[in-house]
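A.B. asks: heads up, no residue letters with this:
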DNA sequence: CATTCATATGCACCTAGAGGAATATGAGGG
DNA sequence: CCCTCATATTCCTCTAGGTGCATATGAATG
């Protein structure tokens, strides 16, 4: 069952629904039009979102206006927060690193970074270069 | 293929791996012990995390020490940010007439009737930070 | 009441992906 | 060289879940 918030927002369609609802409540049909997926699919996504308490419904005659309830996203926020700090630290360390080291060959190292139990020394650790460390 | 960060962090085991790596780099075997899942499974999760650039590897002899790279979480952060503002707004409004309701039922209206004149259409609001298809 | 509109639900199909067992790979140490 | 340890990869199975179609529900309207 999709009751975990992380699984709920894992789906792109559901994220788009939430994005659309950010600008105000909308009836289902409007979402169907904007999303370009079938109405049953939208309804099912809304049901999942509702079970996760991410949306609310306002019944207006035959129509149901959905609005976003971002409170449940606090769980994601809470999980993310420690990484944000870590991210800041890393950026800091990276800036320090970039400060004086740019053209030095990082080959002959094998430095102190051998067994640090919880030191998390920002060792070289190469990886496929991506776009990391954006500001 | 799991390359979307949201799908990557949707898995609880992977989130636990990231949590564990927050306190410092660890070899795979340690993660296996701490997580209580099979080693192949851990390796596969690490591969997924690596493809999403959420972890880095430091090769040390036969061992591979993984560390977390929180930069890729910026996408989640970016998606989350507007909801955080919305959340604050809601909290504000809630505090205003805080009469002791806390049930989240379909009983809400008349807060801000902004209907986003030309707000976002069905346009896609995501950007892949990098798309490499190595291997 | 019957009709119609808006939405929800059931059914069937299909793909992704999580998990474990077995095996391959690769680096050091005798 | 072979052996062993640490990890990666392959193969397989199984289930969750996303999708569309058809249909049910339920409210307003005449």
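C.D. replies: Thanks, I have the structure now. Note that this is a predicted model, so its numbers are computed, not measured.
A.B. asks: ok, then the element right after the host helix or strand of residue A:57?
C.D. replies: Using DSSP states H and E, residue A:57 sits in strand A:55-60. Beyond strand A:55-60 on the C-terminal side, the first helix or strand identified by DSSP H and E is strand A:63-68.
A.B. asks: Can you list the buried residues in that next one?
C.D. replies: Buried residues in strand A:63-68, counting neighbours by 16 or more other CB atoms under 10 Å in any protein chain shown, are found at A:64, A:65, A:66, A:67, A:68. Where you see a C-beta, it was placed from the backbone N, CA and C, and this is true even at glycine.
A.B. asks: Tabulate these in JSON lines, adding columns for pLDDT and distance to residue A:8.
C.D. replies: Below are the buried residues of strand A:63-68 laid out as JSON lines (pLDDT from 0 to 100; distance: CB to CB, whole Å):
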{"residue": "A:64", "pLDDT": "96", "distance to residue A:8": "19"}
{"residue": "A:65", "pLDDT": "97", "distance to residue A:8": "20"}
{"residue": "A:66", "pLDDT": "97", "distance to residue A:8": "14"}
{"residue": "A:67", "pLDDT": "96", "distance to residue A:8": "16"}
{"residue": "A:68", "pLDDT": "95", "distance to residue A:8": "12"}
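A.B. asks: Looking at those residues, which two lie furthest apart in space?
C.D. replies: Across the buried residues of strand A:63-68, no pair lies farther apart than A:64 and A:68, at 14.1 Å, counting by CB to CB.
A.B. asks: hang on, the earlier thing: the buried residues of strand A:63-68 also near chain B: which ones?
C.D. replies: With CB under 8 Å from any CB of the partner chain as the criterion, those include A:67, A:68 near chain B.
A.B. asks: for the buried residues of strand A:63-68, which one is nearest residue B:80?
C.D. replies: Relative to residue B:80, the closest of the buried residues of strand A:63-68 is residue A:68; by CB to CB it sits at 12.4 Å.
A.B. asks: ok, back up a step: who are the packing partners of the strand holding residue A:57?
C.D. replies: The contact analysis (3 or more CB pairs under 8 Å, 6 or more residues apart in numbering or on different chains; DSSP states H and E) places strand A:55-60 against helix A:12-22, helix A:39-51, strand A:63-68.
A.B. asks: mind listing what's buried in that strand?
C.D. replies: So, applying 16+ other CB under 10 Å, buried residues of strand A:55-60: A:55, A:56, A:57.
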